[in-house]
Each structure stands twice: as C-alpha cells, then as structure tokens.
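1. here's my sequence, what's the structure:
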Amino acid sequence: MITFIIPAHNEELLIGRTLTSLHDAAAATHQPFEIIVVDDSSTDATTTVAASYGAQVLSVHNRQIAATRNAGAAQAQGDLLVFVDADTVVSGTVVNGALQAVRAGAIGGGAKARFDGSVPVHGHILAWVWRWLQRFRNLASGCFFFCTRSAFEAAGRFDETLYAAEDVALSRRLGQVGRFVILREEVVTSGRNLRSHGGSEILPLVAGFALRGPKFFATRRGPWYGRRDAPDCRT
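-> Now for the predicted structure:
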C-alpha cells in the first residue's frame, strides 16, 4: 500500500487541489493507497476540506514540520511513504516513477519541482540553486519525498530538532541506508512564499543554509513560521 502524508497548517485554499491530484495519480497506479492529512494547529477549514476529499485527518499541535511529518508516518499503514506538501500538484507519472524506482532497488527519493505562476528574480535564483543541489548532492524536497517504511525507520525518521531543511537531512541519512534517487519527473508546487516575501528575507536563509547546512534551521527561521500574506505549505 502507498500512504500519502500531507502536513498542513491553514491550507483550506489549496489542499483540495492537492488531494484531487493525489486521488487521480494514485488511481493511475492501480495500487491500494491511503491519504493522511496531518493538520497542525489550523484555524481555518483545512480539516473540513480534507475530510470532504476522503482523506484521513490527524490533528496535532506541533507547529514544527518534522514532527508533523513523523506523526503522519506513525499512523501510516503503507509500505511506501510519500510525503507531499499541501500546495503541490502530483501527477500519476511522478507516482509511477517512484514505484518503479523502488521496484528497481531504490529505498527512497524525490522529484524535481517547478513553481506555479510567475516568481520574482530571487525565486529563479533559489530554484536554480536547488536544482543544482538535487543534481550533485542527491537531495529531495519535502514537496515530494518518498521512501520505504523500513528505510524511513532505519534512517531515524525526520529530525525533530529542525524547523526546516528536515527533508535535506533525511535525504542524506537515507543515502547512507541505500540507493536514493531523484526522479526526472516534476511536481508543481506553489510559488506563493516567493511572491509574498522579498529577496531580503529569502536569500539570507539560502546563505545561512549554504554555510551551516540543515542545523541553520534549528530555530523557527524564515517566513514559513512568521506572519504571511498567504497560507503556506510549511507547518
């Protein structure tokens, strides 16, 4: 069975689109599946919308993305865990690519991603940097991150001392467990954070991560945990 795990905080506007894409993508694989939405302290109708699309809803109060992802994994029944951000559209081609990679011996991986709509210059810089890291460092993004349950446990799950870059840290540890791959297929994720926050906010985070790695995010840094003009996929 495939378990799709979606961490969510105030995602009533976009989570329906994500859930529709996952239902369609999973149906195309002809494999049994379940969808778990882990609602982390939402104050909007996220849970109502998620339930209306047939998702299981788990409520937590972490305000911390790694712990919220782990909570979903703890409830999962599937042998393949697929973590998807609540503002990301996933196609059947991507899910089939993940299944084929696991059948070929991979223990996990991720997909390339592109932003929806237009993004400012610093968004293009960030996208270029991330694609470079994915290609040469074999790192997956939390917007689409998959692994076998056994590998997830062997790698120690998501690091709950991190408030971001937990996907990067787990990518590295999974790479020590077995073959970790980045699919050629793409998902489409929201560029809203880049549209609502300037380069003066985003680029220092990129620089901090480049200098210190995931440990730079051992506190609630950046727009994902602060006030924002639009809801966000990060918990």
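
2. which SSE is the closest residue to Ala45 other than its chain neighbours in?
-> Closest residue to Ala45 apart from its sequence neighbours, by Cβ to Cβ, 6 or more residues apart in numbering: Glu12 at 4.4 Å. To be clear about C-beta, it is placed using only N, CA and C from the backbone, and glycine gets the same treatment. Assigned by DSSP states H and E, Glu12 belongs to no helix or strand.

3. for Glu12, give me the pLDDT.
-> Looking at Glu12, its pLDDT reads 97.

4. for Leu211, same thing?
-> With respect to pLDDT, Leu211 scores 62.

5. next one: Asp44
-> Note on Asp44: pLDDT of 97.

6. my read: it touches Asn10, true?
-> Yes. Using Cβ atoms under 8 Å as the test, Asp44 is close enough to Asn10 to be in contact (4.9 Å).

7. thinking again about what came up before, measure the residue nearest to Ala45 to Ser42 for me?
-> 8 Å (Cβ to Cβ, to the nearest Å).

8. count of neighbours near the residue nearest to Ala45?
-> 18 (other Cβ atoms under 10 Å).

9. what of Thr20?
-> Using other Cβ under 10 Å, Thr20 has 12 neighbouring residues.

10. Pro32 now?
-> 11.

11. cool, the one 4 residues further on as well?
-> Other residues near Ile36 come to 23 when the count uses other Cβ under 10 Å.

12. quick check: end-to-end length of stretch 55-66?
-> 20 Å (Cα to Cα, to the nearest Å).

13. contact partners of stretch 21-37?
-> 1-6, 8, 15, 19, 46-47, 50, 53-58, 72, 75-78, 84, 86, 89-92, 94-96, 99 (Cβ atoms under 8 Å, 6 or more residues apart in numbering).

14. how about stretch 182-190: buried residues?
-> Going by neighbour count (16 or more other Cβ atoms under 10 Å), the buried part of stretch 182-190 is 182-183, 185-190.

15. tell me which other helices or strands the lengthiest helix in the chain touches.
-> Identified as the longest helix of the chain according to DSSP state H is helix 121-137. With contacts taken as 3 or more Cβ pairs under 8 Å, 6 or more residues apart in numbering; DSSP states H and E, helix 121-137 sits against strand 108-115, helix 192-196, helix 199-212.

16. which regions of the protein sit below the pLDDT cut-off?
-> 119-120, 122-125, 130, 191, 194-207, 209-212, 221-235 (pLDDT under 70).

17. if you set the cut-off to 50 instead, what comes out?
-> The chain contains residues with pLDDT under 50 at 227-235.

18. now the end-to-end length of stretch 153-160.
-> 14 Å.

19. just stretch 80-99 next, same as before
-> End-to-end distance (Cα to Cα), stretch 80-99: 9 Å.

20. what sits against the nearest residue to Arg135 once chain neighbours are set aside?
-> Distances taken as Cβ to Cβ, 6+ apart place Ile182 nearest to Arg135, at 7.4 Å, with adjacent residues excluded. Going by Cβ under 8 Å, 6+ apart, Ile182 touches 109-112, 134-135, 138-140.

21. so Ile182, which of the three states?
-> What DSSP: H, G, I helix; E, B strand; the rest coil gives for Ile182 is strand.

22. circling back to that earlier point, and the very next helix or strand once past the longest helix of the chain, how far out from the chain's middle?
-> Once the chain leaves helix 121-137, the next helix or strand it forms, by DSSP H and E, is strand 144-148. On the basis of Cα atoms, centre = their mean, to the nearest Å, strand 144-148 sits 9 Å off its chain's mean C-alpha point.
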